[in-house]
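Asker: Requesting a structural model of the entry that follows:
(one chain, ligands or ions: 2)
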Amino acid sequence: METLWKVSNLWKIYEVKGEFKKEKIYALKKINLEIFKGEIFGLVGESGSGKTTLGKALIRLIEIDKGNIWFKNIEITKLSEKELRKYRKKFQIIFQDPYKSLNPRLPCGYTIMEGMEGSKKEKLEKAFEILNMIGIKKERFYDYPHQFSGGERQRIAIGRALSTEPEFIVCDEPTSNLDVSIQGQILNLFLDLKEKFNLTYLFITHNLKIIKFLADRVGVMLNGEIVEIGKTEEIFENPKHPYTQKLLESEI
Ligand SMILES: Nc1ncnc2c1ncn2[C@@H]1O[C@H](COP(=O)(O)OP(=O)(O)OP(=O)(O)O)[C@@H](O)[C@H]1O
Ligand SMILES: [Mg+2]
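Answerer: Numbers count the residues shown, from 1 in each chain. Ligands and ions are numbered 1, 2, ... in the order given. You can find the predicted model right below:
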């Protein structure tokens, strides 16, 4: 198996103004992690445990305080802004709230075209292709984000992420705002697209059913640390860390 990401002794510390003095929040502590090409790596853990911070740190949407992150053989943490630009398109992130990545004043077709390269004609053709893949009718090319349902909006955010031909996508609770029936459709879309484009996902969710359905391996986070990591079936059958055991019990 090819290693896509390797993370070694990663730390992220936020400083916040406390009542009397500055306080430190240890959002990530000594994280070691490997993500293999083509897998869905699930990340679970309670609110505030550092899941989003880890996702953002990987693709350098935030700077880290200590540690190393390699994407293939490239040490992402060492790249200059200019060098990083070459890699930016390979990484995407999809949030719980699709509005975060959609421009309210841009028709959805243009939103999908925005990150593309090529002539206008090529971009248009590709945007229509993507609309078709994400299940949005081509007649809706000129409609704005607010004219779509929540599920459709998330499809458009996914389409926008695909437009740069990424290799890796951080999916940060992408279905948590949606009805259960719509959730299923979107999860299946993620699976289809992964096969089609040979993608790798870091899939963050509170929902263990989603992890069971989707993830090849799973990491369990607690207070900024990954306390357990393993194949999904193994973690579900034989959780070793007391926190994982508690998490699985509370789900049943
Ligand atoms: N920009 C920031 N400034 C200060 N503290 C932050 C910042 N971003 C996150 N934190 C803190 O870092 C910790 C980890 O936050 P993070 O958002 O990664 O958690 P999470 O596991 O994604 O939680 P949730 O499940 O609620 O999304 C929390 O204590 C949070 O308050
Ligand atoms: Mg989060």
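Asker: Can you tell me what sits against stretch 128-137?
Answerer: Residues outside stretch 128-137 that contact it (Cβ atoms under 8 Å, 6 or more residues apart in numbering) are 108-109, 112, 138, 140-141, 148, 152, 155-156, 158-159, 162-163, 185, 189, 192-193, 196. All C-beta spots, glycine's among them, are computed from the backbone N, C-alpha and C.
Asker: average pLDDT across that stretch?
Answerer: Mean pLDDT, computed over stretch 128-137, is 97.
Asker: Mark which of the contacts of stretch 128-137 are buried, thanks.
Answerer: Buried members of the contacts of stretch 128-137, counted by 16 or more other Cβ atoms under 10 Å: 108-109, 112, 140-141, 148, 152, 155-156, 158-159, 162-163, 185, 189, 193.
Asker: do stretch 52-68 and ligand 1 meet at all?
Answerer: Yes - contact between stretch 52-68 and ligand 1, assessed by Cβ under 6 Å from any ligand atom, occurs at 52-53.
Asker: among the buried ones among the contacts of stretch 128-137, which are in helices?
Answerer: Assignment to helices by DSSP state H places the following of those there: 108-109, 112, 152, 155-156, 158-159, 162, 185, 189, 193.
Asker: Ligand 1 contacts on the protein?
Answerer: By Cβ under 6 Å from any ligand atom, the residues of the chain that approach ligand 1 are 14, 16, 25, 27, 45, 47-53.
Asker: returning to what we had before: out of the ones in helices among the buried ones among the contacts of stretch 128-137, what pair is the most spread apart?
Answerer: Using Cβ to Cβ, the pair of those lying farthest apart is 109 and 185, separated by 21.1 Å.
Asker: Looking at the buried ones among the contacts of stretch 128-137, spot the one nearest ligand 1.
Answerer: Using Cβ to the nearest ligand atom, the shortest approach to ligand 1 within these belongs to residue 158, at 19.4 Å.
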